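A.B. asks: fold the following, please.
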Amino acid sequence: MRLSEPRTKILIMGLLPCAPDDPAKIADMAKIKQVNSEISRLANGNTIRFLDIGDKFKDAKGNARQDLLPDYLHPNYAGYEVWSDEIKPVVESMTRWLAHIVATASHIFLIGLPVFYQVAREFIHDGIGP
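C.D. replies: This is a model prediction of the structure:
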């Protein structure tokens, strides 16, 4: 990717919690913590950033919140709202030139990453972006 799109900025998301308070799933939660620790090392703080929002999806006991992850794996609408609120400032800081354009489109309240990527590519290829 760095060769074909050298100005690409990457946001790596940490894995979300995936299990309720279940002794059989404690190993899964430990593995998620380990994987997040390992993938966080890929970040360089500039063009590659890492963001772990898993704590927002845990209750006071550290268990996955069923109100955000109904099947303890996939976020629902409320979960995606939390996700969006958490990544928005990071994405904006990584793409300041695009953040203003997105903010002015008041009818857009949540941009999925594939849509965001396509919009970003169009601006870059049209010479509007950095």
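A.B. asks: contact partners for residue 87?
C.D. replies: Remark: with contacts taken as C-beta atoms under 8 Å, 6 or more residues apart in numbering, residue 87 is in contact with 11, 13, 51, 53. Using the backbone N, CA and C atoms, a C-beta is placed for each residue, glycine as well.
A.B. asks: which of the residues you listed count as buried?
C.D. replies: Judged by neighbour count, with 16 or more other C-beta atoms under 10 Å as the criterion, the buried members of the contacts of residue 87 are 11, 13, 51.
A.B. asks: pLDDT check: weakest of those residues?
C.D. replies: Looking at pLDDT alone, the buried ones among the contacts of residue 87 dip lowest at residue 11, where the score is 88.
A.B. asks: that residue and residue 94 touch, don't they?
C.D. replies: Yes. The pair residue 11 and residue 94 qualifies as a contact (C-beta atoms under 8 Å) at a distance of 6.6 Å.
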